[in-house]
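**Student:** Just the structure for this:
(one chain, ligands or ions: 1)
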Amino acid sequence: MENLFPKDFFWGGAIAANQCEGAYLEDGKGESTQDHVSAAAFNKTRKVYESIEKDVYFPSHVGIDFYHNYKEDIKLFAEMGFKMFRFSIAWSRIFPTGVEDTPNEAGLEFYDNVLKELKKYNIEPLVTISHYESPFYLTRKYNGWYSRETIDHFVKYCEVLFKRYKNDVTYWITFNEINCLTLDIKAFQGGALLYDENGAPVQPKQIPDNMRYQALHHQFVASAEVVKLAKTINPDFKLGCMLAYMCQYPLTCRPEDMMLANEAMQLRNYLCGDVHIRGYYPSFAKKYFERQNISIKMDSKDEKILREGTVDFCAFSYYQSICVSTNPNEERIQGNILDGIKNPYVKVSDWGWQIDPIGLRWTLHQLYDRYQIPLMIAENGLGANDILEENGSINDTYRIDYLRSHIKEIGKAISEGIEIMGYTWWGPIDMVSLGTGEMKKRYGFIYVDRDNEGKGSLKRYKKKSFEWYKKVIASNGNNI
Ligand code: BGP
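**Tutor:** Below is the predicted model:
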């Protein structure tokens, strides 16, 4: 069979600092916004706490202790044959409060070491600069991204990273899943803002539209500014945006359903994609803001910054698809990022997420048709209840099925002319779930012995999918 994947295709995996590093106050790190978010595993509602309370469980404080195990973990990734490893840098390790003038050397050293380890195995790093966290102090003082001041602190942080890693990193992502700020449910995860205008903590689903889109605008400007800055430090740097691709089908061919799906796709995906990639707000967004009475304060130079700071590639996460319908009586289903209407043609995961590999190919087409720049599948994965057998094995054949079916569709998309840089599986090693704070929602090829209450030896075990993914990489996607 002809090999569809290009020779330099980046096979690998992706993680995020606050879900796995732990060591939350070690070596001078400051508290991050995620360090104030409790686990939801027990009550299904994540909660943002003003202070770190002793009797509350905060999953990010220990994570899976990647901070002390990175060598062992990267060695396992290398054993699978990873070509790329996506990880995020915790801003509060570099600038503990965000407002210091000089960075925390010990924090930088940790990432120096991670990069050194990757280099040893010839694994290309893909660095997420902001993955759903900011220094807590900065957020408390300025209300995070709601305030324009945060842009300058972010630029200062990026300048340190770009200069330090000028020769070690080529691929960067500015903000993880930036378009989640268009939703109620996850808006707080980016540390966008945690307090309302009266200083009271804002819980998920309570963020007023004006604040949310203002924060989003500041992230757009910050991203564009650092894209420009990056190129002055190393013109060979490649900068990408990152969208949580919300793949939404009309439930029926009723013209009203078609129109609704179109609007949902525009607002949830293309508003952010267009600003990052085309460099300006699309006309539908301006009209949407008018209709909703959303007024965004923009600086006179913002338009120019956005135009000049467009990205080189479009990274995205894809987990599932969902349907939309104008009929209020259709059965609803809870999704990853947004809930919607159940699709009768696809199965669901243990967590009720709809499994739709063709949706990934459809997504690749949609993004490439619209933007014509290289695409990076920065996240795709299956969260499941894995069972550790007495002999230490984990038979996650369902994960292999998920992988196989998605990789097949990527191959087809490549054969249909789409330029795809690589595929970094979400969570190659088990870690804390972002959405629920659970440990038992596992994505890894590597099992980590830790439970929802934070107990367990943290020992690593290889799952069945470990060997399977290794073979896929060794055959460059041919042996599936
Ligand atoms: C994405 C996030 C990740 C991640 C993943 C899986 O939205 O970028 O950080 O965790 O979803 O979600 P969850 O952990 O909630 O299962």
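**Student:** Next, count neighbours for the one residue in the stretch 301-450 of the chain that gets nearest to the ligand.
**Tutor:** Closest residue of the stretch 301-450 of the chain to the ligand, CB to the nearest ligand atom: Gly435 (2.6 Å). C-beta here means a position set from N, CA and C on the backbone, and glycine is covered the same way. Gly435 has 15 neighbours, counted by other CB atoms under 10 Å.
**Student:** any idea how far the residue most central in space within the chain is from Val346?
**Tutor:** In the chain, the centroid-proximal residue (CA atoms, centre = their mean) is Asn176; its distance is 4.2 Å. From Asn176 across to Val346, the span is 26 Å (CB to CB, to the nearest Å).
**Student:** Assign a three-state SS to the residue of the stretch 301-450 of the chain closest to the ligand, would you?
**Tutor:** Secondary structure state of Gly435, per DSSP: H, G, I helix; E, B strand; the rest coil, is coil.
**Student:** burial count for Glu109?
**Tutor:** Applying other CB under 10 Å, we find 12 residues neighbouring Glu109.
**Student:** what sits against it?
**Tutor:** Asp27 (CB atoms under 8 Å, 6 or more residues apart in numbering).
**Student:** which SS state does it fall under?
**Tutor:** helix.
**Student:** same deal with Ala261?
**Tutor:** helix.
**Student:** Phi first, then psi, for the residue lying closest to it once chain neighbours are set aside.
**Tutor:** Counting by CB to CB, 6 or more residues apart in numbering, the nearest residue to Ala261 once its immediate chain neighbours are dropped is Pro250, at 4.0 Å. Per-residue torsions, Pro250: phi -70, psi 140 (degrees, to the nearest 10).
**Student:** Write down the beta-bridge partners of Pro250, one by one.
**Tutor:** Beta-bridge partners recorded for Pro250 (DSSP bridges): Val324.
**Student:** contacts for the least confident helix or strand in the chain by mean pLDDT?
**Tutor:** Sorting the helices and strands of the chain by mean pLDDT, DSSP states H and E puts strand 332-333 at the bottom, at a mean of 86. With CB under 8 Å, 6+ apart as the test, strand 332-333 has contacts from Ile322, Asp339, Gly340, Ile341, Lys342, Val348, Gly352, Gln354.
**Student:** just to revisit the earlier point, neighbours of the residue nearest to Ala261, how many?
**Tutor:** Neighbours around Pro250, by other CB under 10 Å: 20.
**Student:** quick one, what contacts it?
**Tutor:** By CB under 8 Å, 6+ apart, the neighbours of Pro250 are Asp257, Met258, Leu260, Ala261, Cys323, Val324, Ser325.
**Student:** swap the cut-off to 6 Å and go again
**Tutor:** Each residue near Pro250 by CB atoms under 6 Å, 6 or more residues apart in numbering is listed here: Asp257, Met258, Ala261.
**Student:** Pro125 too?
**Tutor:** Contact analysis of Pro125 by CB under 6 Å, 6+ apart lists Leu115, Leu118, Val169.
**Student:** and the gap between it and Ile64?
**Tutor:** 19 Å.
**Student:** Show me where the stretch 251-400 of the chain dips below the pLDDT cut-off.
**Tutor:** Applying pLDDT under 70 to the stretch 251-400 of the chain flags residues 335-337.
**Student:** Just the CA atoms of stretch 394-405, as PDB, please.
**Tutor:** C-alpha atoms of stretch 394-405 as PDB (Å, rounded to 0.1, in the frame of the first residue of the first chain):
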ATOM      1  CA  ILE A 394      -4.000  -2.600  30.600                       C
ATOM      2  CA  ASN A 395      -6.000  -3.900  27.600                       C
ATOM      3  CA  ASP A 396      -7.200  -0.700  26.100                       C
ATOM      4  CA  THR A 397      -8.300  -2.100  22.700                       C
ATOM      5  CA  TYR A 398     -11.100   0.600  22.500                       C
ATOM      6  CA  ARG A 399      -8.300   3.200  22.500                       C
ATOM      7  CA  ILE A 400      -6.600   1.400  19.600                       C
ATOM      8  CA  ASP A 401      -9.800   1.300  17.700                       C
ATOM      9  CA  TYR A 402     -10.300   5.000  18.200                       C
ATOM     10  CA  LEU A 403      -6.800   5.800  17.100                       C
ATOM     11  CA  ARG A 404      -6.900   3.500  14.100                       C
ATOM     12  CA  SER A 405     -10.100   5.000  12.800                       C
END
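**Student:** Mind checking if it is in reach of the ligand?
**Tutor:** No: Stretch 394-405 stays clear of the ligand (CB under 6 Å from any ligand atom), getting no nearer than 13.3 Å.
**Student:** ok, and what's touching that stretch?
**Tutor:** By CB under 6 Å, 6+ apart, the list of residues contacting stretch 394-405 reads Pro357, Leu382, Asp386, Leu388, Tyr447, Lys463, Lys464, Ser465, Trp468, Ile480.
**Student:** Which members of these occur in strands, if any?
**Tutor:** Tyr447 (DSSP state E).
**Student:** Make CSV out of the contacts of stretch 394-405 and add neighbour count and distance to the ligand.
**Tutor:** Formatted as CSV, the entries for these read as follows, by neighbours: other CB atoms under 10 Å; distance: CB to the nearest ligand atom, whole Å:
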residue, neighbour count, distance to the ligand
Pro357, 22, 17
Leu382, 26, 10
Asp386, 22, 14
Leu388, 14, 19
Tyr447, 22, 16
Lys463, 23, 17
Lys464, 15, 21
Ser465, 28, 17
Trp468, 19, 21
Ile480, 14, 23
